[in-house]
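> A structural model of the following input is requested.
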Amino acid sequence: MERPDTEEYVELVLACVESVPAGRVTTYGAIAAHLGWFGPRRVGNVMSAWGGPVPWWRVVRADGSLPPSHGAEARAAYLEEGTPVRPSGKVDLPEAFWDPGDES
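Here you go, the predicted structure:
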């Protein structure tokens, strides 16, 4: 696949985030690996600039955390969706992880 331009990459990232089922999460790195271009920071940049309309709380860091500024709103969404969360407030990745490369 040819390297996508910025607009195309943004659309690919957002489409991937939209496909994460309720109650599940994926990571910035898993999205980057699935798309095959750039890395987790680039996915984070896309989410920071254009991720408002998609379920952004379903994308977490590799340790299951979100940036601190997202905590309260994300926790409310996790509770509503039944996302497994550890007592520390981080998402329980072994229980909640959804692989964007797994189309089944």
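
> which residue ranges form the strands in this protein?
26-27, 59-60 (DSSP state E).

> Please work out which of the ones you listed is packed deepest.
Stretch with highest mean neighbour count among these: strand 59-60 (a mean of 26; mean count of other Cβ atoms under 10 Å). Glycine gets a C-beta too; all of them are placed from N, C-alpha and C.

> That one pairs with which strands?
Applying DSSP bridges, strand 59-60 is found paired with strand 26-27 (parallel).

> which residues are in contact with the partner strand?
Residues from elsewhere that reach strand 26-27 (Cβ atoms under 8 Å, 6 or more residues apart in numbering): 16-17, 20, 40, 58-62, 93, 97-100.

> So how do I select the buried members of those in PyMOL?
In PyMOL, a selection of the buried entries from the contacts of strand 26-27 looks like this (16 or more other Cβ atoms under 10 Å):
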select buried, resi 16+17+20+40+58+59+60+61+93+97+100
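
> What is the nearest of the contacts of strand 26-27 to residue 76?
residue 58 (13.4 Å; Cβ to Cβ).

> From residue 81, how far out is the closest one?
Separation of residue 58 from residue 81 (Cβ to Cβ, to the nearest Å): 8 Å.

> Please flag which of the contacts of strand 26-27 sit within helices.
16-17, 40, 93 (DSSP state H).

> tell me which of those is nearest to residue 70?
Distance ranking of the ones in helices among the contacts of strand 26-27 against residue 70, using Cβ to Cβ, places residue 17 first at 13.8 Å.

> Okay, and the beta partners of the residue nearest the centre of the chain?
For the chain, residue 59 is the residue whose C-alpha lies nearest the centre (Cα atoms, centre = their mean; 1.8 Å). Residues in a beta bridge with residue 59, per DSSP bridges, are residue 26.
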